[in-house]
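[1] Sequence below, structure please.
(one chain, ligands or ions: 3)
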Amino acid sequence: MSILQVAIPKPLHNYFDYLPPVGIDVNQLVPGMRLQVPFGKNRYIGILIDVKKTSDFPVNRLRPAIKIIDLEPILSTNDLKLLKWAASYYHYPIGEVIKTALPTALNQGLPANIKPLIGWKLAKTDLKLDSLPKNASKQKEILELLQQHPQGLTQTVITSSIPNPTSSLKTLHKKDWITKELIFPTLRKLVAKPSHLQLNPAQTEVLNQVCTSLHQFYPGLLDGVTGSGKTEVYLQIIQEVLNQGKQAIVLVPEISLTPQTVRRFEQRFSIPIATWHSKLTKTERLHTWLLAKDGIAPIIIGTRSAIWIPLAQPGIFIVDEEHDSSYKQQDTFRYSARDIAVVRAKQAQVPVLLGSATPSLDSLYNASYQRYQHLSLPERAGTAIHPTYHIVDMRHQPRKENLSRLLVTAIRQRLATKQQILLFINRRGYASTLTCYKCGWVAFCQHCDARLTYHETSKNLQCHHCGTMQSLYAQCPECKHTKLYLLGQGTERIEEDLRTKFPNARILRIDSDSTSRKNAMEEILDKIHAGEIDILIGTQMLAKGHHFPKVTLVGIINVDSGLYGSDFRSSERMAQLLVQVAGRAGRANEPGEVIIQTYHPDHPLLTRLVHQGYPAFAQAALKERHKAAFPPYTYLALLRAESTSKPPIEFLERAKQLAQQSENVQLWGPVNSPMEKRADWYRAQLLLQALQRKHLHDFIAQWLPCLPASDNQKVRWSLDIDPQDLF
Ligand code: ADP
Ligand code: ZN
Ligand code: ZN
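    Ligands and ions are numbered 1, 2, ... in the order given. The predicted structure follows:
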């Protein structure tokens, strides 16, 4: 008797047993294949985990699977091993874990093969690029790219290395330079162009270290200031990995905002880089996945979930900007792609590189205990030099001014010498608070425990947590006073200030409002690089990996929310953001200057950061974590619960009672969450803390099955292992 053990995407922690589909030779069945199975009244796509001889259920009650979908497994034994590990580490249902790891098309049961797509191809082989008009540089770039890829490229692939190509493609099409046809996204043979860059000694050292360890697990923390040449090192290491016929996965925080990363890889290797991110279509994602699995795509660049893409010949995993919080999924299956990368590299016995100019305290801690190799690039590559910092005490500035005298003077100087200026403010919109001075009323969101932000562009109030919008109050709803005040600054207000002070400057705002339109970010980046912008104002979007070589002045409008944030990671995040934003300045030959505005100029973490640099800050911050017994010195899990009537404290109390007493695991709470209500859900949480990871996990494994099932009508809950914040 053969029993099929199947994982199904249901919130249940076990596998399900089925009989083989009728008329199927059991020898055909291999773990890792998809099956269609009945479940309740529905049909599901499941993954075959094992073929067993017995079942814990009476065999006559087992139902047969409906059919096999794949002729060959889509997940290898190693892939399944990783997924099983993740399910047990995150205490998350295996079927849901697998669903996260598979592209949508495969979850929907579509065939696991590559279909031709509409794409662009060169119409002729002998290109006379000189005959193009002088100003048609984008057309030229497209033609050169297509010349490297005679099999043709889809528009999305072209867009990932040449931003915003639509109109140039149309023109080229009209002029019969290119044709539109069905193409197969196969990759042609690799022709890596050797780098013309001579690595500096620090880079060479890193390259050698990693390249002598390509056949073993080698976790490296690549700690290098912005512009120190980390990407160049990745490129040269990958070159070696490819020479050995192996593949690389490179994780980046935000691919659609940084097309230049993909472009840099393409230019170096002359191969279409397989990408993976949310802007791709379902079919394109399927293709990336299959090309990687079959060993055809040598390099895959993608965001968080790319860490699940199977590789035929894993060679290296690289996590760029490893400190970035986007690597942790913040809902449902709350995994950390950075941590998975390390586990995956260990399973595959290959190196993993975690790169950052501002490494997370977790990784620095691991490096200090030799769990990771600490690789550093202390100097900027090429000729660029470190920026100088100034802290401005806003208590001694004219009241009601958002921009300090020093900052205004510095901006004026840069405008006079035609250099670019970047101003950073961590809030979009115009003002963060609408208030009545007479009675003290403040405009709150009806659905959240949060203030409404006023947006000048749309002239309304918005909640940044649930998306609610409403019109501006004409009078105070409490005391009917008609004069209301807008407090706090956002990007729009700073933009307004600048337009008043510098009416002739060309000013551009970058936040999720101004970049929501498709390709908006690419257009903006084009403008900045072409020197068509004098002053850029933006949110943390600006901190993410962009190179702005013409920027020589960076202003941080207000650093204080990070200094006094309510979370144990607030100051770490503030420091990373500040250093990352500052790192955008002076990347070319001009020295950069950074002006930081604050009401707390003597804050010890801020002064340490500014006067002694990020490593000294990190040491001090780690000491504080140690004292407070927070990660990385302890291990945390957070049971988050939500209910529609009131914070589910009782539920959590009961959950706490269901837990076994343990000397090794402490339970803190339950307490209402810092943001008590969000999108009409009332929130509370229970914190678990242990000195050893194993104790925490053994405890949870016993405890979790005792908890009542999550219920969308009453109380729903989720467990966050290694939470990034306690919100
Ligand atoms: P990071 O990834 O650390 O920000 P990059 O690799 O992007 O740094 O390098 C920053 C700049 O310095 C890039 O323009 C790069 O081409 C250049 N660069 C990197 N390594 C070298 C080198 N060894 N010699 C000269 N220029 C270099
Ligand atoms: Zn009032
Ligand atoms: Zn809200």
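
[2] what's the pLDDT at the nearest residue to A348 once chain neighbours are set aside?
    Using Cβ to Cβ, 6 or more residues apart in numbering and skipping the chain neighbours, the partner closest in space to A348 is P314 (4.2 Å). To be clear about C-beta, it is placed using only N, CA and C from the backbone, and glycine gets the same treatment. Note for P314: predicted pLDDT of 97.

[3] P314: neighbour count?
    21 (other Cβ atoms under 10 Å).

[4] so it sits right up against V241, yeah?
    No: counting by Cβ atoms under 8 Å, P314 does not reach V241; the two are 9.4 Å apart.

[5] Give the residues shared as contacts by the two.
    Residues within reach of P314 and of V241 at once, by Cβ atoms under 8 Å, 6 or more residues apart in numbering, are Q247.

[6] re the thing from before, what does the residue nearest to A348 show for phi and psi?
    Here is the backbone geometry of P314 (degrees, to the nearest 10): phi -60, psi 130.

[7] Kindly report the same for the one 5 residues further on.
    Here the main-chain torsion angles of V319 (degrees, to the nearest 10) amount to phi -120, psi 100.

[8] Please report how far the residue of the stretch 101-250 of the chain found nearest ligand 2 lies from K544.
    Residue nearest to ligand 2 within the stretch 101-250 of the chain: T226 (47.0 Å; Cβ to the ion). Applying Cβ to Cβ, to the nearest Å, the value for T226 to K544 is 11 Å.

[9] Check P314 too.
    For P314, the distance to K544 - Cβ to Cβ - is 27 Å.

[10] rewinding a little: find the nearest non-adjacent residue to the residue of the stretch 101-250 of the chain closest to ligand 2, please.
    In space, T226 is closest to G583, 2.9 Å off (Cβ to Cβ, 6+ apart).

[11] Is it correct that that neighbour is in contact with E321?
    No: here G583 does not reach E321: they are 11.1 Å apart, not a contact under Cβ under 8 Å.

[12] show me what contacts the residue of the stretch 1-150 of the chain found nearest ligand 2?
    The nearest approach of the stretch 1-150 of the chain to ligand 2 comes at P11, 46.8 Å away (Cβ to the ion). Counting by Cβ under 8 Å, 6+ apart, P11 makes contact with P93, E96, A709, S710.

[13] same thing but at 7 Å, please
    P93, E96 (Cβ atoms under 7 Å, 6 or more residues apart in numbering).

[14] quick one: secondary structure of it?
    Of the three states, P11 takes coil under DSSP: H, G, I helix; E, B strand; the rest coil.

[15] and it, how far is that from I494?
    The gap separating P11 from I494 is 45 Å, by Cβ to Cβ.

[16] Let's see the pLDDT reported for the nearest residue in space to A7 that is not next to it in sequence.
    Among residues not flanking A7 along the chain, G95 sits closest, at 4.4 Å (Cβ to Cβ, 6+ apart). pLDDT, G95: 95.

[17] go on, L187?
    50.

[18] how about stretch 329-337: buried residues?
    Q329, F333, R334, Y335, S336, A337 (16 or more other Cβ atoms under 10 Å).

[19] residues making contact with it?
    Against stretch 329-337 from outside (Cβ under 7 Å, 6+ apart): 86, 90, 92, 96-97, 100, 251, 304, 307, 327-328, 720-722.

[20] Most neighbours among those residues, please name it.
    L251 (29 neighbours).

[21] That one and V352: what is the separation?
    Counting by Cβ to Cβ - L251 and V352 are separated by 10 Å.

[22] and if you look at F502?
    Applying Cβ to Cβ to F502 and V352 gives a distance of 47 Å.

[23] Which one's more surrounded, these two?
    Just comparing F502 and V352: by other Cβ under 10 Å the higher neighbour count belongs to V352, 25 against 17.
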